[in-house]
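Undergrad: here is my input, please return the structure:
(one chain, ligands or ions: 3)
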Amino acid sequence: MLKVRVLDHPYIQVVLTTLRDKNIRQIEFRKAMVRLGRAMGFEITRDLELERVEVETPLGVKTEGVRFKDMDKVVIITVLRAGMPMTEGLIKIFYNARQGVVSARRVEEKGMRADKTFDVEITYVRLPKISNEDTVIIVDPMLATGSTIREVLKIVLSKSRPRKVFVVGAIATPLAIDRVREVVEEYNLDATIYTAAVDLTVNEKGYIVPGLGDAGDRAFGE
Ligand SMILES: O=P(O)(O)OC[C@H]1O[C@H](OP(=O)(O)OP(=O)(O)O)[C@H](O)[C@@H]1O
Ligand SMILES: O=c1cc[nH]c(=O)[nH]1
Ligand SMILES: [Mg+2]
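TA: Residues are numbered from 1 along each chain as shown. Ligands and ions are numbered 1, 2, ... in the order given. Now for the predicted structure:
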């Protein structure tokens with residue numbers, strides 16, 4: 001089953017607004033993407049299981065507290081290149097995560113097909129071992145036509161069957177959400193999309209509208 005969580009924390013919405021602003025330059029954009037990743041990671045931990053623990057304070061007194069049960073069962077997979085700054089933020093929260101990368105490029109030269117799909121070129125995949133107890137977090141800020149995330153999900157699922165899959169993006173469209181849902185249903189996954197916004201459309205070139213432009217180019221240069 002697929003859940004979709006639009007993270008409406010004011011801090012997240014403020015950072016998203018910065019990212020949308022066309023006047024923000026490369027370094028500021030990349031730093032904002034790192035902040036977004038960290039803030040979203042913070043919110044995503046609401047969905048992690050807690051367990052009660054007892055600790056003793058320096059005053060020699062025992063007190064009850066909590067810890068995340070499965071913090072050491074998290075794998076973060078970054079979709080290169082635009083996912084890198086978000087991962088830098090997320091890893092501050094999921095500090096024990098093992099990490100993998102999938103290098104994916106939407107083949108924009110061929111254009112978007114009538115059914116709003118792109119060819120996606122996957123040139124490098126390097127994943128750690130993923131067990132069926134792990135939560136896999138896939139990071140790509142832009143879920144536009146969903147062509148890329150669909151291919152990435154299929155690659156990850158061809159090699160593993162994690163307990164949960166979290167897809168983390170800055171902006172998702174309903175079309176991309178539907179394409180993720182198709183894969184989730186095909187593989188009978190427990191999955192959640194976390195996004196800071198849902199923008200309704202893509203333009204004729206497949207860019208999210210209003211969106212924030214080309215996330216990879218804005219963070220790293222055209
Ligand atoms: O949902 P889709 O229509 O597939 O589009 C989304 C993809 O496009 C962007 O990557 P891009 O191919 O521009 O690579 P980059 O990260 O290197 O810029 C973005 O980071 C997603 O991976
Ligand atoms: O709007 C979009 C669509 C795909 N990739 C991006 O970086 N931005
Ligand atoms: Mg790009």
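
Undergrad: C-alpha only now, for contacts and for neighbours.
TA: Will do.

Undergrad: residue ranges in the protein under the pLDDT threshold?
TA: Nowhere does the chain drop to pLDDT under 70.

Undergrad: spatially central residue in it, please.
TA: Nearest to the mean C-alpha position of the chain, by Cα atoms, centre = their mean, lies V168 at 2.0 Å.

Undergrad: am I right that that residue is in contact with A191?
TA: No: V168 is beyond contact range of A191, at 10.9 Å (criterion: Cα atoms under 8 Å).

Undergrad: quick one: contacts for the residue nearest to the centre of the chain?
TA: The contact partners of V168, taken as Cα atoms under 8 Å, 6 or more residues apart in numbering, are I137, I138, V139, D140, P141, I193, Y194, T195.

Undergrad: before we move on, what about A97?
TA: M71, D72, K73, V74, V75, I76, I91.

Undergrad: taking these, tell me the two that lie furthest apart.
TA: Comparing all pairs in the contacts of A97 by Cα to Cα, the longest separation belongs to K73 and I91, at 13.3 Å.

Undergrad: which residues in the chain form strands?
TA: Ranges of strands in the chain, per DSSP state E, are 2-6, 50-56, 62-68, 74-80, 98-106, 120-126, 135-139, 142-143, 164-172, 191-198, 201-202, 208-209.

Undergrad: sheet partners, orientation included, of the fifth one?
TA: What it means is strand 98-106. strand 74-80 (parallel), strand 120-126 (antiparallel) (DSSP bridges).

Undergrad: looking at those, which is buried most?
TA: strand 74-80 (a mean of 24; mean count of other Cα atoms under 10 Å).

Undergrad: can that strand be found next to ligand 2?
TA: No: Strand 74-80 lies out of reach of ligand 2 by Cα under 6 Å from any ligand atom, never closer than 11.1 Å.

Undergrad: ok now that strand, how far from the chain's centre?
TA: Computed by Cα atoms, centre = their mean, to the nearest Å, the chain-centroid distance of strand 74-80 equals 8 Å.
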